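>>> With the sequence up front, the predicted model follows.
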Amino acid sequence: MSTFEKAGEKMTNYRWIICFMLFFATTVNYLDRQVLSLTWKDFIAPEFHWTDTHYGTITAIFSIVYAIANLFAGRFVDWMGSKKGYLWAIAVWSVGACLHALCGWATEMSLGIDNVADMISATGAVTSTIAITSVYYFIAARIVLGAGEAGNFPAAIKVTAEYFPKKDRAFSTSIFNAGATVGALIAPVSIPPLASYFKSIGVGNGWEMAFIVIGALGFVWMGLWMFMYKKPENNPHVNAAELAYIHQDKEAESAQEDTPSADEPKLSLWKCFKYRQTWAVAIGKFMTDGVWWFFLFWTPAYISDVYGYSSDSGTAQLLIFVLYAITMLSIYGGKLPTIIINKTGKNPYAARMQAMLIFAVFPLLALFAQPLGNFSYWFPIVIIGIAGAAHQSWSANIYSVGSDMFPKSAVATIIGIGGMAGGIGSFLINMGSGILFDYAAETKMAFMGFEGKEAGYFIIFCVCAVAYLLAWCIMKALVPKYKLIEA
């Protein structure tokens with residue numbers, strides 16, 4: 001019998017139901033984020049005459065808004081609490097997702113164009129006007145989406161800190177974080193077919209309803225969350241044995257450190273920036289989040305540009321599905337620190353850093369993605385999948401690093417700061433990629449035996465490959481050993 005179970009009382013496992021809800025929310029989060037990347041090249045670009053630079057600008061603006069919003073989203077969630085904070089976040093991003101569907105109509109109204117056919121057939125200077133006008137509307141919708149989505153991870157990590165002891169947090173985080181992979185996995189086999197279906201029956205150009213259908217899923221989640229979530233000590237579905245298991249860290253640390261009372265002094269936003277631990281999380285996110293977002297936003301375009309398969313083709317859907325199926329291996333990445341702790345007795349931070357060093361090695365395979373792609377498109381897909389799995393494993397652990405070293409009253413704030421840093425990194429890589437790819441195509445740029453856009457992709461793959469090892473070295477230099485921050 002577990003030490004947390006009383007005689008005749010079996011420990012409940014409601015914490016895993018809460019973890020599933022976090023998984024569901026993260027899945028919806030990434031589905032909403034993926035609709036644009038899976039429809040822009042083959043559905044939206046022909047309508048609005050977009051180039052890679054236009055798309056890169058939209059994704060970059062989304063990233064910087066997401067970055068800035070993260071700084072405040074974490075603080076907002078700490079202030080509002082997990083339940084209300086999460087509800088507000090998903091409500092805002094679901095509205096933002098649905099607003100994308102109005103961008104085509106808004107462009108037509110602004111320019112006095114009668115229908116989609118006239119927009120597609122436009123020539124000359126009009127095409128530039130259409131492109132710029134539509135980009136502004138998509139940026140506006142993307143701003144709302146980014147502001148809302150910024151709340152997902154701060155809220156989810158805060159809930160994880162409430163419902164799981166430290167030794168289980170990386171594993172539970174890896175499970176809900178797998179929602180990013182599942183969302184990306186479902187997206188290519190659902191979003192392009194949705195767009196194609198609605199286009200075939202004459203509902204706009206198809207892509208509009210894809211945004212609405214996927215965006216509506218967030219409102220379904222909100223209904224479930226309102227009835228299912230309460231703090232563990234107030235939740236009738238959590239018995240005394242499970243509550244004791246959740247709060248087991250109290251035995252090792254003082255109540256002041258782990259469960260602050262209502263009148264306990266809390267860390268201010270600006271005070272958080274004084275700690276090396278905060279900068280370690282921020283730099284780890286800044287240098288690596290952009291890698292994942294590059295793969296997320298540009299892989300469909302990569303398959304189209306380099307291999308000629310449109311996003312609604314069976315081959316492209318299969319390639320993207322396999323890629324994200326491989327990233328599902330990241331679930332085991334969250335378990336590795338627990339295994340290290342159980343076998344070596346190391347503290348959670350030391351175990352996580354050891355695991356993260358292992359995960360930092362796998363992205364180096366991206367150096368070979370483009371060269372091996374000359375033999376088969378399966379090589380870069382498999383390699384990107386492995387790099388993606390390593391990233392998600394890294395991400396689950398870096399989130400837990402923040403929750404390990406800061407009091408619960410500041411966890412969402414720290415994750416928000418890290419998310420801001422990651423968003424800035426994503427802004428740079430997405431903006432840079434769009435400009436680089438257009439420049440490479442126009443000038444037929446050569447690099448390491450590749451020419452045009454292929455050369456551009458190879459350069460970005462090289463950046464992605466080394467980012468994790470550099471990030472790990474900086475994090476280790478900033479925080480060599482575990483040190484708990486007290487409010």
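Happy to help now that I have it.
>>> can you give me the helices for the stretch 101-250 of the chain?
103-111, 116-120, 125-149, 152-163, 166-200, 207-228, 240-246 (DSSP state H, counting those that start in this stretch).
>>> Quick check: mean pLDDT of the last one?
Which is helix 240-246. The pLDDT scores in helix 240-246 average 88.
>>> Please identify the buried residues of it?
241, 242, 243, 244, 245, 246 (16 or more other CB atoms under 10 Å). Placement of C-beta: from N, CA and C, glycine included.
>>> now for that helix, which elements pack on it?
Secondary-structure packing of helix 240-246 (3 or more CB pairs under 8 Å, 6 or more residues apart in numbering; DSSP states H and E): helix 14-39.
>>> again, 10 Å this time
helix 14-39, helix 152-163 (3 or more CB pairs under 10 Å, 6 or more residues apart in numbering; DSSP states H and E).
>>> how much does the strand or helix carrying residue 96 deviate in direction from helix 103-111?
Applying DSSP states H and E as the criterion places residue 96 in helix 82-99. Put simply, helix 82-99 runs at 60 degrees to helix 103-111, going by axes from the mean of the first three to the mean of the last three CA atoms, to 10 degrees.
>>> Please identify the most buried of the helices of the stretch 101-250 of the chain.
Ranked by mean neighbour count, the helices of the stretch 101-250 of the chain are led by helix 152-163 with a mean of 28 (mean count of other CB atoms under 10 Å).
>>> Which elements pack onto it?
Using 3+ CB pairs under 10 Å, 6+ apart: helix 152-163 touches helix 14-39, helix 52-80, helix 82-99, helix 166-200, helix 240-246, helix 378-405, helix 411-443.
>>> residues near residue 444, how many?
Neighbour count for residue 444, taken as other CB atoms under 10 Å: 10.
>>> thinking again about what came up before, which one of the buried residues of helix 240-246 is nearest to residue 191?
residue 246 (37.5 Å; CB to CB).
>>> Tell me who's in contact with the closest residue in space to the closest one that isn't next to it in sequence.
Closest residue to residue 246 in three dimensions, ignoring its sequence neighbours and counting by CB to CB, 6 or more residues apart in numbering: residue 232, at 5.3 Å. Going by CB atoms under 10 Å, 6 or more residues apart in numbering, residue 232 touches 14-15, 18, 159, 162-164, 238, 242-243, 245-247.
>>> can you put the residues you listed in JSON lines and add distance to residue 330?
Below are these laid out as JSON lines (distance: CB to CB, whole Å):
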{"residue": "14", "distance to residue 330": "24"}
{"residue": "15", "distance to residue 330": "20"}
{"residue": "18", "distance to residue 330": "20"}
{"residue": "159", "distance to residue 330": "20"}
{"residue": "162", "distance to residue 330": "23"}
{"residue": "163", "distance to residue 330": "20"}
{"residue": "164", "distance to residue 330": "18"}
{"residue": "238", "distance to residue 330": "28"}
{"residue": "242", "distance to residue 330": "26"}
{"residue": "243", "distance to residue 330": "29"}
{"residue": "245", "distance to residue 330": "25"}
{"residue": "246", "distance to residue 330": "24"}
{"residue": "247", "distance to residue 330": "28"}
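>>> Adding distance to residue 291 and mean pLDDT, write the helices and strands packed on helix 240-246 out as a markdown table.
Shown next, in a markdown table, are these (distance: least, CB to CB, whole Å; pLDDT from 0 to 100):
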| stretch | distance to residue 291 | mean pLDDT |
| --- | --- | --- |
| helix 14-39 | 15 | 92 |
| helix 152-163 | 16 | 88 |
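>>> Just tell me which of those helices ends up closest to residue 169.
Between residue 169 and the helices and strands packed on helix 240-246, the tightest spacing by CB to CB is seen for helix 152-163, at 5.5 Å.
>>> okay, that closest one in CSV with CA atoms only?
Presented in CSV, the C-alpha positions along helix 152-163 are these (Å, rounded to 0.1, in the frame of the first residue of the first chain):
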residue,chain,number,x,y,z
ASN,A,152,-2.1,28.6,-22.5
PHE,A,153,1.3,27.5,-21.2
PRO,A,154,1.5,29.8,-18.1
ALA,A,155,-1.9,28.6,-17.1
ALA,A,156,-1.2,24.9,-17.8
ILE,A,157,2.2,25.0,-15.9
LYS,A,158,0.4,26.7,-13.0
VAL,A,159,-2.2,24.0,-12.9
THR,A,160,0.5,21.3,-13.1
ALA,A,161,2.3,22.9,-10.1
GLU,A,162,-1.0,22.8,-8.3
TYR,A,163,-1.9,19.2,-9.1
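>>> Taking helix 411-443 as reference, get the angle to the helix holding residue 96.
Going by the same axes, to 10 degrees, helix 82-99 makes 20 degrees with helix 411-443.
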